[in-house]
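> Provided below are the primary sequence and the corresponding predicted coordinates.
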Amino acid sequence: MWRNRFAPKNSIWILARSPLCRWWEDSVNFEKLTFRSVTARSVLVPLRRPIVSKVGLFDQWPMILIELATEQGVVGRSYLEPYLKHAARYIMPAIHDLAEQRKGHAIRPIEDFQNGRRALNLIGHEGVSMIAVAGLDMAAWDAMAKAAGMPLAVLLGGSTGPVPAYNSNGLWLTEVAGLGDDARALVAEGGFKALKLRLGRDRLADDLAAIEAVRSAAGADIKLMVDFNQGLSLGDALHRCHALDRQGLYWFEEPIIYDNLAGYAQLTRELTTPVQLGENFYGPRALHQALSMSAGDYVMPDLMRIGGVTGWMRASAIAGAAGVEMSTHLYPEFSAHLMRVTETAHWLEWQDWADPILAAPFELKDGFLMIPNRPGAGVEWDEEAVRRYQYDG
């Protein structure tokens, strides 16, 4: 062991006995974390504003709540949002299969990410395989940060603090007449300076009216991110997006099916308004492929699909090297921590859809999501609410 030759001979012994070292041994014990078991539960959470979009109609939001228990008593938590309430039937068995292989092993999120993908290689790296890996990855990182006594952002080398957010809780494909009241309420929920508006109505005139209604209510300076939810064909997208290109919109999000990267590249070349995509990237290499094809101006990975914390960190390095700004999709709690360590961090998408089952939802202030200074990702369950919304279908 190295020792300063000018220090007293017993200085190493003194350091080992110091309160600082004892604190380090007691709190930074993630090296000792051992995988014990996983519990997964499904819930259906009511939505304050029902989703009305090209991807479907929802008044309840399905979630899978994951708890990773360790032999040391630390419990890591995460959740998944699989869109379809019956999806838990096939996602949860994959989670349990992966967990069974890890019992008794040290928790190593990066190695576990690799090994989990290899374990499911024969059925493919995308879809349920990646979703199961991502859910366990997030829970593992939460456990590591709790064991270290640090917020996740700090464990990853960053700091806690405010994260710029836009409100994505409303402005669906509903009657234009009601959008103004909706916009005012959304701004007031957290002093937001940016909102997401869904477009892609049958008539261009109705999309233009929706934009005008929101701006009239929320103010001319409001930033409007518009989302088509993959609802247009490439031909229709070329007509509609060109027609809206001078509206001063912040971005066009997913106008066409997510895997038509050649179509996205064409839209990106032809339009002045930035093109946003990425919530359907399954793994970091999918992001790399899109960027190599110049298929968008911005990217916004989804933690469930990109591969959890580990997948995000790898993807953010790719985006950072390319100089492409990176926003989040869903999962505002985990995503806020990751934005604090992302080189090209852009916007956090905020929804309150998980709030009904969280013991302590994150605070909003002046359009920023505030990361709490507590160990882990800050995700703990309100068990009474979980029992109320539990779904065994």
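On my side now, so go ahead.
> for the chain, where's the lowest mean pLDDT among helices and strands?
Lowest by mean pLDDT, DSSP states H and E among the helices and strands of the chain is helix 11-16, with a mean of 32.
> off-centre distance for stretch 235-251?
The chain centroid and the centroid of stretch 235-251 are separated by 27 Å under C-alpha atoms, centre = their mean, to the nearest Å.
> what comes up buried for it?
Neighbour counts over stretch 235-251 (16 or more other C-beta atoms under 10 Å) mark 237-238, 240-241, 244, 249-251 as buried. Heads up, the C-betas are built off the backbone N, CA and C, glycines and all.
> contacts for it next, please.
Contacts with stretch 235-251, where a contact means C-beta atoms under 8 Å, 6 or more residues apart in numbering, come from 194, 199-200, 204, 207-208, 211, 223-226, 228, 232, 252, 255-256, 263, 266-267, 270-276, 297-298.
> hey, which helix is longest across this protein?
Counting by DSSP state H, the longest helix found in the chain is helix 128-148.
> what about that one, average pLDDT?
Helix 128-148 shows a mean pLDDT of 97.
> do the same with stretch 302-318
Mean predicted confidence for stretch 302-318 is 98.
> do stretch 177-190 as well
For stretch 177-190, the mean pLDDT works out to 98.
> got any ranges where the stretch 251-393 of the chain has weak pLDDT?
Across the stretch 251-393 of the chain, the ranges flagged by pLDDT under 70 are 393.
> quick one, strands of it?
In the stretch 251-393 of the chain, the strands defined using DSSP state E, counting those that start in this stretch lie at 251-253, 275-277, 298-299, 348-350, 363-365, 368-370.
> what's the third one packed up against?
Right, strand 298-299. In terms of contacts (3 or more C-beta pairs under 8 Å, 6 or more residues apart in numbering; DSSP states H and E), strand 298-299 is packed against strand 275-277, helix 284-292.
> which residues touch it?
Strand 298-299 has contacts (C-beta under 8 Å, 6+ apart) with 251, 274-278, 281, 287, 290-291, 315, 319, 324-327, 346.
> check the fourth one too.
Residues from elsewhere that reach strand 348-350, judged by C-beta under 8 Å, 6+ apart: 163-169, 190, 196, 300, 327-330, 332, 335-336, 339, 364, 369.
> ok, that strand: who's next to it in the sheet?
If you go by DSSP bridges, strand 348-350 pairs up with strand 162-167 (parallel).
> which residues does the spatially most central residue of the chain contact?
For the chain, the residue nearest the mean C-alpha position is Tyr331 (3.7 Å; C-alpha atoms, centre = their mean). For Tyr331, the contacting residues are 79, 81, 302-304, by C-beta under 8 Å, 6+ apart.
> report the two of those residues separated the most.
Longest distance between any two of the contacts of Tyr331 is 12.9 Å, between Tyr79 and Asp302; criterion C-beta to C-beta.
> and the angle from the longest strand along the chain to helix 128-148?
Using DSSP state E, we find that the single longest strand of the chain is strand 35-53. When axes from the mean of the first three to the mean of the last three C-alpha atoms, to 10 degrees is applied, the directions of strand 35-53 and helix 128-148 differ by 120 degrees.
> according to the record, where do the domains of this structure fall?
Domain assignment for the chain by automatic domain parsing gives 30-150, 155-389.
> number of nearby residues for Ala360?
Neighbour count for Ala360, taken as other C-beta atoms under 10 Å: 12.
> and it, how far is that from Arg388?
Distance of Ala360 to Arg388, given as C-beta to C-beta, to the nearest Å: 18 Å.
> can you check Leu303 too?
Note on Leu303: its distance to Arg388, by C-beta to C-beta, is 25 Å.
> more neighbours: which of those two?
Neighbours per residue (other C-beta under 10 Å) separate Leu303 from Arg388, with Leu303 holding more: 26 against 13.
> leaving out chain neighbours, which residue sits closest to that one?
Closest residue in space to Leu303, ignoring its immediate chain neighbours: Tyr331 at 4.6 Å, by C-beta to C-beta, 6 or more residues apart in numbering.
> got it, and Pro151?
What sits nearest to Pro151 in space, not counting adjacent residues and going by C-beta to C-beta, 6+ apart, is Thr160, at 5.1 Å.
> ramachandran coordinates for the one you found?
Note on Thr160: its backbone torsions stand at phi -80, psi 160 [degrees, to the nearest 10].
> and it, how far from Ile371?
Here the criterion is C-beta to C-beta. By it, Thr160 lies 4 Å from Ile371.
> the two: which is more packed in?
Each of Thr160 and Ile371 has its neighbours counted (other C-beta under 10 Å); Ile371 has more, 25 against 19.
> give the contact list for that one.
Ile371 neighbours (C-beta under 8 Å, 6+ apart): 151, 153, 160-163, 336-337, 340, 362, 378.
> now His288: closest residue in space that isn't a chain neighbour?
Nearest-residue entry for His288: Ile318, 5.1 Å, with adjacent residues in sequence omitted and distances by C-beta to C-beta, 6+ apart.
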